[in-house]
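**Student:** got a structure for you, letters missing:
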């Protein structure tokens, strides 16, 4: 795979608030997190790596129902599942019938000096649309509010590439993501990220360019496990990016910048 080129310009401003405990009082112990948790979300649009995952509608409002379950072991290992409604696999050459993405993942989190490290594997499974199935391994690290994560495709196909077309060229696709997350005032967290998808040279030669995606927004903790978030999400290469389709049925780029609003409940 050719070297990754990243055109990234991050700007982040953070406000820090600190408080002092009375010297005569010890801080209260943090409650131990439950190993099993559930989540459910309603999103105004599901974008993955900057791209709309519903290409059947004619505007930016493409609601998606999402949810999952996670189990964290005391030794740092974890497993989980996440699901979302989608509508794009029907545009693959085999024209499969599918409206669901099922993610299955597992990994190990540990400390390495000042870093929080996360290593694991994730499979994107599309019932009835096996040509879209994709498996990646990933390695990430976080230091304070900044994190970086690299994912590499180990399956024969990358969301159709290598299975539905360009046979054998999905494996080895790389994705690098840089993210920033910082609470700027009580319950309000600023979030920003930039990602870069790097295809193999044969994919580029077929007219599918590498591209960059971005997200900038914030989330607000409403209490009792409920949060509201909003972010502008999109990607470059709006006119030339060909996979899985250059445009949705409205004639708009699937990479167009869109305000995505999400309501999430953690159980």
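**Tutor:** Done, it's in. Note that the structure is predicted; figures quoted are calculated from it, not measured.

**Student:** what comes up buried for the helix or strand containing residue 212?
**Tutor:** Assigned by DSSP states H and E, residue 212 falls within strand 211-223. For strand 211-223, burial by neighbour count (16 or more other CB atoms under 10 Å) applies to 211, 212, 213, 214, 215, 216, 217, 218, 219. Just so you know, the C-beta spots here come from the backbone N, C-alpha and C atoms, and that holds for glycine as well.

**Student:** Same check on stretch 73-91?
**Tutor:** So, applying 16+ other CB under 10 Å, buried residues of stretch 73-91: 78, 80, 82, 83, 84, 85, 86, 87, 88, 89, 90, 91.

**Student:** which residues does residue 104 contact?
**Tutor:** 80, 81, 122, 123, 125 (CB atoms under 8 Å, 6 or more residues apart in numbering).

**Student:** List just the nearest of the residues you listed to residue 223.
**Tutor:** residue 80 (24.0 Å; CB to CB).

**Student:** Next one, pLDDT for the closest one please.
**Tutor:** Looking at residue 80, its pLDDT stands at 98.

**Student:** Equivalent analysis for residue 29, please.
**Tutor:** 55.

**Student:** Which one of the buried residues of strand 211-223 is nearest to residue 261?
**Tutor:** residue 217 (9.1 Å).

**Student:** nearest residue to the closest one other than its sequence neighbours?
**Tutor:** Distance criterion CB to CB, 6 or more residues apart in numbering; nearest residue to residue 217, sequence neighbours excluded, is residue 231 at 2.6 Å.

**Student:** Report whether the one you found is found in a strand, as I expect.
**Tutor:** Yes: assigned with DSSP: H, G, I helix; E, B strand; the rest coil, residue 231 falls within a strand.

**Student:** For it, name its beta-bridge partners.
**Tutor:** residue 217, residue 260 (DSSP bridges).

**Student:** go on, residue 185?
**Tutor:** The partner residues for residue 185, given DSSP bridges, come to residue 188.

**Student:** what about the strands in the stretch 101-250 of the chain?
**Tutor:** Secondary structure of the stretch 101-250 of the chain, counting by DSSP state E, counting those that start in this stretch: strands at 115-125, 134-143, 146-153, 174-185, 188-198, 211-223, 226-235.

**Student:** now the strand holding residue 212 and strand 188-198, what's the angle there?
**Tutor:** 160 degrees (axes from the mean of the first three to the mean of the last three CA atoms, to 10 degrees).

**Student:** I would like the residues contacting strand 211-223, please.
**Tutor:** 6-8, 49-51, 184, 187-197, 227-237, 241, 255, 260.

**Student:** could you give the angle of it to strand 174-185?
**Tutor:** 30 degrees.

**Student:** I'd like the mean pLDDT over strand 211-223, please.
**Tutor:** Per-residue scores along strand 211-223 average to 97.
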